[in-house]
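**Student:** Mind looking at a prediction? Sequence and model below.
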Amino acid sequence: MTAPAKQRDGTGIRLVLADVDGTLVTREKVLTERAIRAVRSLRGRGIRFAITSGRPPKGMEMLIGPLEIDTPIAGFNGGLMVNPDFSVVQSLTLSPDCVKKTTALMHRAGVDVWIYRGNEWIVPDISHPHVARERWTVKFDPVVRDDIDSLTDGVVKITGVSDDADLMKNLEAEAQKTLGKNASAALSQPYYLDVTHPDANKGGVVRTLSRLLDIPADQIATLGDQPNDISMFRVSGLSIAMGQAGEAVRAQASHVSDSCEDEGFAKGIERYVLGEDQ
């Protein structure tokens, strides 16, 4: 599929695909009433709505009811796509060799390593940084195992975790160089580096939803805020970056909305997709 021509308004948009953290919800993981109304307005115009995230699908369950989601849910950046009843649409796993290379690379960099298999989230120590925050975000507990490096089969995503932003940027570049075409490696947050199957990226999510829902990519609008959202910006017809996104992310978007703390998702939908006055 070739990249669609970019457009500046929402004319002809039939599907909106949104990142979750820092886009659909605020930094405190709040889904605002205005965001819910914006999705309802889309539905009133006959425009469908879908979500994608580095989270496991189970970690987006709390959004299904309030947003009345009836489209496939793309967890792990597309590594595991499920229907709203959690029946599996698509599962893309990393090869055991790629898993070993990735975990070794992360250990050398001195970052924590999390493993995801299906809806199972596995950590080596529940007291490590960001585990408590992630538990609160996804609303389920991790499995704690001290043999995490031995888990190489059925792995959907590996996440490296560190609060050293410069280290994580360097690790992202090193992982991309080392893994090449064998995996997709991108920062989903400044402190999370997600490594997934090479076809498990948000650009791939756009392509898969285009095929499953029979909606051309140039009739899909995407919203996001992190470097791993750029791949979906590049293949969708209309793209909206949140105001707090870095310059590299904003530069790839058709439009820039306000921040996620100032209703950037809802305002982006209202202004650029629905064409409503602010």
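**Tutor:** All right, it came through fine.

**Student:** At which residues are the helices of the stretch 151-278 of the chain located?
**Tutor:** For the stretch 151-278 of the chain, the helices defined by DSSP state H, counting those that start in this stretch occupy 165-179, 202-213, 230-235, 247-250, 264-268.

**Student:** quick one: buried residues of the longest one?
**Tutor:** I take that to be helix 165-179. With burial defined by 16 or more other C-beta atoms under 10 Å, the residues of helix 165-179 counted as buried are 167-168, 171-172, 174-175, 179. C-beta coordinates here come from the backbone N, C-alpha and C atoms, glycine included.

**Student:** cool, the third one as well?
**Tutor:** Of the residues in helix 230-235, those buried under the neighbour-count criterion (16+ other C-beta under 10 Å) are 230-235.

**Student:** hmm, back to that, out of the buried residues of helix 165-179, which one sits closest to Ala251?
**Tutor:** Glu172 (17.5 Å; C-beta to C-beta).

**Student:** Give me the helices and strands touching the lowest-mean-pLDDT helix or strand in the chain, please.
**Tutor:** Within the chain, judged by mean pLDDT, DSSP states H and E, the helix or strand with the poorest mean is strand 184-189; its value is a mean of 91. Packing contacts for strand 184-189, counted by 3 or more C-beta pairs under 8 Å, 6 or more residues apart in numbering; DSSP states H and E, involve helix 165-179, strand 192-196.

**Student:** Tell me which of these lies nearest to Ser150.
**Tutor:** Of all those, strand 192-196 sits nearest to Ser150, with 17.5 Å by C-beta to C-beta.

**Student:** picking that back up, and the helices and strands packed on strand 184-189: which comes nearest Val30?
**Tutor:** Closest to Val30 of those is strand 192-196 (C-beta to C-beta; 19.8 Å).

**Student:** so what secondary structure elements neighbour the closest one?
**Tutor:** Looks like strand 192-196 contacts helix 96-109, strand 157-161, helix 165-179, strand 184-189 (3+ C-beta pairs under 8 Å, 6+ apart).

**Student:** Can you list the strands that it pairs with?
**Tutor:** If you go by DSSP bridges, strand 192-196 pairs up with strand 157-161 (antiparallel), strand 184-189 (antiparallel).

**Student:** The shortest one to helix 165-179, inter-axis angle?
**Tutor:** Relative orientation of strand 157-161 and helix 165-179, computed by axes from the mean of the first three to the mean of the last three C-alpha atoms, to 10 degrees: 150 degrees.

**Student:** Report the residue spans of this protein with pLDDT below the cut-off.
**Tutor:** In the prediction, the chain carries residues with pLDDT under 70 at positions 1-10, 277-278.

**Student:** And the residue nearest the centre of it?
**Tutor:** Ser53 (2.6 Å; C-alpha atoms, centre = their mean).

**Student:** can you pull the contacts of that one?
**Tutor:** The contact partners of Ser53, by C-beta atoms under 8 Å, 6 or more residues apart in numbering, come to 19-21, 59-60, 74-75, 77, 188.

**Student:** In TSV: the residues you listed, plus distance to Thr93 and secondary structure.
**Tutor:** Putting the contacts of Ser53 into TSV (distance: C-beta to C-beta, whole Å; DSSP: H, G, I helix; E, B strand; the rest coil) gives the following:
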residue	distance to Thr93	secondary structure
Asp19	23	strand
Val20	22	coil
Asp21	23	strand
Gly59	18	helix
Met60	20	helix
Ala74	15	strand
Gly75	13	strand
Asn77	13	helix
Ser188	18	strand
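
**Student:** Any chance of those in TSV with distance to Leu105 as columns?
**Tutor:** TSV is the format used below for the contacts of Ser53 (distance: C-beta to C-beta, whole Å):
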residue	distance to Leu105
Asp19	25
Val20	27
Asp21	24
Gly59	25
Met60	28
Ala74	25
Gly75	23
Asn77	18
Ser188	17
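
**Student:** Which one of these sits in the busiest neighbourhood?
**Tutor:** Of all the contacts of Ser53, the highest neighbour tally under other C-beta atoms under 10 Å goes to Asn77, namely 31 neighbours.

**Student:** Do I have it right that that one meets Pro198?
**Tutor:** No. At 11.3 Å, Asn77 and Pro198 do not qualify as touching, with contact defined as C-beta atoms under 8 Å.
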